[in-house]
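J.: Would you be able to build a 3D model of this:
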Amino acid sequence: MNKLQHIKIFIADDHPVIAQGIVCMLSRQPDMIVVGSANSGQEMFQALPKSCPTVLLLDLNMPGTDFYENIAWVKKHAPWVKIIVFSGYYSPDIVKSLLQEGVMGYVAKTSKPNDVIEAIQTVVEGKTFVAPPANSQSDNHLAPQQYERQDDFRKRLSLSRREQEVLELISRGLSSQRIGKSLYISKHTVETHRKNILRKLDFNTSTELVKFAVQQGLV
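T.: Residues are numbered from 1 along each chain as shown. Predicted structure coming up:
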């Protein structure tokens, strides 16, 4: 008799109740096993390589590291791992952006439990899976129990990766000319990004941008 080949799953989420709920749900699947977990990016960097998972369920909003950084790290150090974002936030733009970064699945935390199972099974087959409501054309609204920090994080999700890079460099005190040289773009393009960032975040000054970047852990 052939031994059952388990799908090994690693969970990165800073909400213990959610993480434990996923563990309990997946424990009922005969072909799936949770091999590790982390509640921050740094913990994930330490624990994931030792666990050798097939699939990573990744929360976007974790303390310590940027979600783009987390994804890039996994793609570099564990390229065999299939990444499924499991988040309370979703919009067409952020889903598209993350798929372009190499994420293979996106499941909103308001999705049905079976969607998580289907997402895991689908990405293991090498296919992309986006569960409803994250596959809709409209942005999500925050649940009543979510607070100001989550509101700020949702604002941050409205920024493209390039805009987040520009925001980080603005917050480090670099001029538009130096930012342009650093990112190999023109000063005019940097100024356009700056205007778009201010508009999206509903700010008026660079001081507000710096404060926001610090609060979001970008600097």
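
J.: what about the helices in this protein?
T.: Using DSSP state H, the helices assigned to the chain run over residues 16-26, 41-51, 67-77, 92-100, 113-124, 148-157, 161-171, 176-183, 187-201, 206-215.

J.: where in this structure is pLDDT low?
T.: Applying pLDDT under 70 to the chain flags the ranges 1-4, 135-151.

J.: Now do the contacts for the residue nearest the centre of it.
T.: Within the chain, the residue whose C-alpha comes closest to the C-alpha centroid is Leu60; the distance, by CA atoms, centre = their mean, is 3.2 Å. The neighbours of Leu60, taking CB atoms under 8 Å, 6 or more residues apart in numbering as the test, are 67, 85, 87, 89, 153, 157. Where you see a C-beta, it was placed from the backbone N, CA and C, and this is true even at glycine.

J.: how about a cut-off of 10 Å?
T.: Contact partners of Leu60, counting by CB atoms under 10 Å, 6 or more residues apart in numbering, are 12-13, 66-68, 70-71, 85-90, 94, 98, 106, 153, 156-157.

J.: can I assume Ser182 is in contact with Glu165?
T.: Yes. Taking contact to mean CB atoms under 10 Å, the distance of 8.7 Å between Ser182 and Glu165 places them in contact.

J.: So between these two, which is more surrounded?
T.: Glu165 (18 against 14; other CB atoms under 10 Å).

J.: Not counting sequence-adjacent ones, nearest residue to the more buried one?
T.: Of all residues beyond its chain neighbours, the one nearest Glu165 is Leu183 (6.3 Å), with distances taken as CB to CB, 6 or more residues apart in numbering.

J.: Near the one you found, how many other residues are there?
T.: Burial measure for Leu183: 15 neighbouring residues, criterion other CB under 10 Å.

J.: Would you mind giving the domain segments of the chain?
T.: Listed by automatic domain parsing, the domain ranges of the chain are 7-130, 159-215.

J.: what about His15, distance to Pro63?
T.: Counting by CB to CB, to the nearest Å, the gap from His15 to Pro63 is 11 Å.
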